[in-house]
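>>> Just a sequence and a predicted model for now, questions to come.
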Amino acid sequence: MDKISRIKELVEILNKASKAYYSDNVEIMSNFEYDKLYDELLALEAETGTILANSPTQQVGYEVVSELPKEKHPARMLSLDKTKEVDALVSWLGDHKGLLSWKMDGLTVVLTYEDGALIKAVTRGNGEIGEVITNNAKTFVNIPRSISYKGRLTIRGEAIITYSDFEKINESIEDVDSKYKNPRNLCSGSVRQLNSRITAERSVRFYAFSMVEPEDAELMNLFENSFEKRFEYLKNLGFDVVEYKEVYAETLPDMVKWFSDKIPSNDFPTDGLVLSFDDTAYGKSLGTTAKFPRDAIAFKWADEEAETTLREIEWSPSRTGLINPVAIFDTVDLEGTDVSRASLHNISYVEDMELGIGDKIKVYKANMIIPQISVNLTKSGSFEIPDKCPACSGATEIKNENGTKTLVCVNPECPAKNIKLFSLFVSRNAMNIDGMSEATLEKFIDAGILHSLSDLYHLSDHKEKIVNMEGFGETSYENMIKAIEASRKADMAGFLYGLGIAGFGVANAKLIVKSYKSDISAIMNARAEDLVEIDQVGDVLARDFVAYFADEKKRGEVEKLLNEIEFVIEENSAEQDLEGMTFVITGSLETYPNRDALKKEIEDRGGKVAGSVSAKTSCLINNDISSNSSKNKKAKSLGIPIISEEMFKNKQFT
């Protein structure tokens, strides 16, 4: 393994160990082993002059600015000419050697190094003026902050966020409308943040695709007018470069297919390929047009089209109130997959396309990914705009903003706007209806078969409609119905939590159920002055709880739900010997199957479980009593006992 590769491996290993130790309170490596690898990394960084931005040897100083400064590029950054024809690529390359590489879909960034240090990073902007993002660039996951070359070096590349990182970031966002639409938009917003800490949290990566002509004659001679040798040099400096392949006219078509076949398995977004002359002197001699350089050309895959028949325009409500039109057509094969739906965006788009049921249309996949209608061959224009929302049957309204017409639902109680309530109700800590994802709930709401929580228990009335939905079938339908039926035997605290009462959590629910001896009628008629007598129930929560059941519509829905379910009341015969005590659990467990099991035992015995150590904590349960985890350190500083599972079982609380 070469030294640069070893540096990258050490950075990954040490960062993983640090995250486990400081964030997850798990020690996966001894201090001795960590220090040994850390010293090896330090030595390699000193020897090679390469230091990656995410190296544990670096302390990133985050910066917050009021705005990003603008800077003019020394030379205008031109965009590439494009073609969708492989034959045109072959003709363009002629008898020269070329390099074929990915055209990554992110944000172009220009890095400048001097005396081995990254001194400036600027976005492409409009090609003439970009934004200075130097501190943000220093937080990119894989960017070298220091390199062995001590002259001035300027490198162009693409900042991207991988699909897997994009999905992780979106999974952490509960509000569907706040989720990011695609990795490119997320990357652009992340790179151009005013607070570099936010950029650091987004896992932005940089892939070099070219080098601005260096002034160093000795370095230029090293490259021997070869674009490929420049790539190799950048890799030796510690940069990740775009994946590329050497091509000639006769091998070019097969190599285009090779790249095309890799798209489904790529973890990064692309929007085509770039073909460059390997001979940089020849490429430079060709000059530029007014718009494009002549030493490289972009290739976009030709969009495969298929003719089909429009069968339905489905109007799909969203959380924002927008009701979006979706085309449903006879299934066609595009790029190897079956396609039967395409977004129609808004009313103006449908009008411009003059769409109507039964029209002959052509569809394609934009950039081999997103289904779109390319042309309407018959243009009947007979589509109808619904005057009622499919989700709630409430009135709809057409809005015209900046010349674009959209359809909206004006009912504030529309279930499509309250998807989070449905999602909470079916969640594990509430009614625990397995397999009922937000996407599934939205399908049912869009189809008009789910208006209120109690409708969940009547989905079997819509079997035919459900089994014919995309992503559903007989088996998935049966599994869903089984999960719904199983939820009819309900836990009262979980049920109350699932109603979505403001500020009301599982712990509060358990306390109220216990205080009112599992009497649901008494709970629904509780008075605020009585509720505040319960530990951890304050004035605001008590008022919100009482107000919820005082709302006639909400109370009526609860009563409908009570007709569908039966509460399972577990008699708690456990000794209440932990009353008044608060525990925090950390680290791995040995005798309990999971933390929930230990937490349940503590609560059954009258105790409480908190998430963090504080002055109110009675004991910290951690099998690794001598560990230097943050929770152990906090407990020791506060004089709080740290006990193992065995000590807990033996009631050794001091």
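Yes, it's here. Residues are numbered from 1 along each chain as shown.
>>> The residue lying closest to Thr582 once chain neighbours are set aside and Leu598, how far apart?
Spatial nearest neighbour of Thr582, excluding adjacent residues (Cβ to Cβ, 6 or more residues apart in numbering): Lys608 at 4.6 Å. C-beta here means a position set from N, CA and C on the backbone, and glycine is covered the same way. From Lys608 over to Leu598 the distance is 13 Å, taken as Cβ to Cβ, to the nearest Å.
>>> The two: who's more crowded?
Neighbours per residue, other Cβ atoms under 10 Å: of Lys608 and Leu598, the larger number sits with Lys608, 22 against 19.
>>> got the contact list for Gly287?
Counting by Cβ atoms under 8 Å, 6 or more residues apart in numbering, Gly287 makes contact with Arg294.
>>> Surely Val110 and Val132 touch.
No: here Val110 lies out of contact with Val132, judged by Cβ atoms under 8 Å, at a distance of 10.3 Å.
>>> So between those two, which is more surrounded?
Taking neighbours as other Cβ under 10 Å, Val110 and Val132 compare with Val110 leading, 22 against 16.
>>> Can I get the host helix or strand of Ser260 as PDB, trimmed to CA atoms?
Ser260 is located in helix 252-262, with elements delineated by DSSP states H and E. Provided in PDB are the C-alpha atoms of helix 252-262 (Å, rounded to 0.1, in the frame of the first residue of the first chain):
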ATOM      1  CA  LEU A 252     -14.800   4.800 -27.300                       C
ATOM      2  CA  PRO A 253     -18.300   3.300 -28.000                       C
ATOM      3  CA  ASP A 254     -17.600   0.300 -25.700                       C
ATOM      4  CA  MET A 255     -16.300   2.600 -23.000                       C
ATOM      5  CA  VAL A 256     -19.400   4.800 -23.100                       C
ATOM      6  CA  LYS A 257     -21.400   1.700 -22.500                       C
ATOM      7  CA  TRP A 258     -19.100   0.600 -19.700                       C
ATOM      8  CA  PHE A 259     -19.800   3.900 -17.900                       C
ATOM      9  CA  SER A 260     -23.500   3.700 -18.700                       C
ATOM     10  CA  ASP A 261     -23.700   0.200 -17.100                       C
ATOM     11  CA  LYS A 262     -22.200   1.600 -13.900                       C
END
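>>> how far off helix 252-262 does the very next helix or strand once past that helix point, in degrees?
Next along the chain after helix 252-262, taking DSSP H and E as the criterion, comes strand 270-277. Counting by axes from the mean of the first three to the mean of the last three Cα atoms, to 10 degrees, strand 270-277 lies at 150 degrees to helix 252-262.
>>> List the neighbouring strands of strand 270-277 plus their orientation.
Strand 270-277 has the following sheet partners, assigned by DSSP bridges: strand 98-104 (antiparallel), strand 296-299 (antiparallel).
>>> Could you give the separation of the first one from the chain centroid?
If you compare the mean C-alpha spot of strand 98-104 with that of the full chain, they lie 27 Å apart, counting by Cα atoms, centre = their mean, to the nearest Å.
>>> Would you mind pulling the contact partners of the next helix or strand after it?
Later in the chain than strand 98-104, the nearest helix or strand by DSSP H and E is strand 107-114. If you take Cβ under 8 Å, 6+ apart as the criterion, strand 107-114 is touched by 73, 77, 118-124, 130, 133, 137, 143, 147, 149, 151-160, 184, 187-188, 191-192, 206, 212.
>>> How about stretch 447-463?
By Cβ under 8 Å, 6+ apart, the residues outside stretch 447-463 that reach it are 390-393, 415, 421-422, 425-426, 433, 436, 441, 444-445, 465-466, 469, 477, 480-481, 484, 488, 557, 560-561, 563-565.
>>> Only the buried subset of those residues, as a PyMOL command please.
Restricted to buried positions by 16 or more other Cβ atoms under 10 Å, the PyMOL selection for these reads:
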select buried, resi 390+391+392+415+422+425+426+433+436+441+444+445+466+469+477+480+484+561+565
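>>> quick one: which of the contacts of stretch 447-463 sit in strands?
Among those, no member falls in strands (criterion: DSSP state E).
>>> Between Val110 and Val132, which contacts overlap?
With Cβ under 8 Å, 6+ apart, Val110 and Val132 have common neighbours 121-122.
>>> Just the ones in helices from the contacts of strand 107-114, please.
137, 184, 187-188, 191 (DSSP state H).
>>> Which among those residues count as buried?
Buried among these by 16+ other Cβ under 10 Å: 137, 184, 187, 191.
>>> Tyr349 is in what secondary structure piece?
Counting by DSSP H and E, Tyr349 is part of helix 347-353.
>>> before we move on, which element is the residue nearest to the spatial centre of the chain in?
Central residue of the chain (Cα atoms, centre = their mean): Asn170, 2.4 Å from the mean position. Element membership for Asn170 (DSSP H and E) is helix 163-171.
>>> packing partners for that helix?
Secondary-structure packing of helix 163-171 (3 or more Cβ pairs under 8 Å, 6 or more residues apart in numbering; DSSP states H and E): helix 183-191.
>>> how far out from the middle of the chain is the helix it packs on?
12 Å.
>>> Buried residues, the very next helix or strand once past that helix. List them.
Scanning forward in sequence from helix 183-191 by DSSP H and E, the next helix or strand is helix 196-201. Residues of helix 196-201 classed as buried: 196, 199-200 (neighbour count, 16+ other Cβ under 10 Å).
>>> How about stretch 631-643?
Neighbour counts over stretch 631-643 (16+ other Cβ under 10 Å) mark 631-632, 634-635, 640-643 as buried.
>>> Stretch 262-277 now?
Within stretch 262-277, the residues scored as buried using 16+ other Cβ under 10 Å are 268-277.
>>> Run through the neighbouring helices and strands of the biggest helix by length in the chain.
Taking DSSP H as the criterion, the chain has its longest helix at helix 3-22. When contacts are defined as 3+ Cβ pairs under 8 Å, 6+ apart, helix 3-22 packs onto helix 31-48, strand 51-52, helix 227-237.
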